[in-house]
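Undergrad: Okay, here's the prediction I keep looking at, along with the sequence it came from:
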Amino acid sequence: MDISKKDAAKMRRLAQEGKQVAKIQKEDFPDLTWWDVRWVLELAGTSSSLGLMREITGKLNRARKTVKKDKKLSDDLLRVNKLARQLYERGKEDYKRLDRIRKAVEA
């Protein structure tokens, strides 16, 4: 699939703002597949907020499994996971606000 630099830049911007890959594909690039959009973001080293959250959670869970005997470190890793979740949720809210502003400006 041949994707223009302008479209790729828009995909990256939307992902960095917090829009999910599935929504980028369905709402902004319906002629492309989910995999096309994901491929562009992967090449750019960009992930959606949800993708980043899943990666962080996975890495923290693996780290917790290796330090089961160290209760303090395990608790600290759980705390980091909760903080990451809070950042993710705030990012989702910020994206919703930004999307409402963008729609108001375009109208």
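TA: Received, thanks.
Undergrad: How many residues are close by the residue lying closest to Lys19 once chain neighbours are set aside?
TA: Take Lys19 and drop its neighbours on the chain: the residue closest to it by Cβ to Cβ, 6 or more residues apart in numbering is Tyr95, 6.1 Å away. The C-beta positions use only the backbone N, C-alpha and C, and glycine is treated the same way. The local packing of Tyr95 (other Cβ atoms under 10 Å) involves 19 other residues.
Undergrad: pretty sure Tyr95 is touching Gln16, no?
TA: No. Under the criterion of Cβ atoms under 8 Å, Tyr95 is not in contact with Gln16, lying 9.9 Å apart.
Undergrad: Assign Lys68 to helix, strand or coil.
TA: Here Lys68 takes the coil state, with states given by DSSP: H, G, I helix; E, B strand; the rest coil.
Undergrad: Domains in the chain, by residue range?
TA: Here the domain assignment for the chain is 1-47, 48-107, based on automatic domain parsing.
Undergrad: Kindly list the longest helix within the protein.
TA: Longest helix in the chain by number of residues (criterion: DSSP state H): helix 71-106.
Undergrad: Report the buried residues of that one.
TA: Neighbour-count burial for helix 71-106, counted by 16 or more other Cβ atoms under 10 Å, picks out 74, 77, 81, 84, 88, 91, 95, 99.
Undergrad: any idea how far the third one lies from Leu73?
TA: Read that as Asn81. Remark: distance between Asn81 and Leu73 (Cβ to Cβ, to the nearest Å) = 13 Å.
Undergrad: Then the last one?
TA: Asp99 sits at a distance of 39 Å from Leu73 (criterion: Cβ to Cβ).
Undergrad: ok, for Glu55, nearest residue in space, not its chain neighbours?
TA: Nearest non-adjacent residue to Glu55, counting by Cβ to Cβ, 6+ apart: Ser47, 7.1 Å away.
Undergrad: Backbone dihedrals for the one you found, please?
TA: Main-chain dihedrals, Ser47, degrees, to the nearest 10: phi -130, psi 160.
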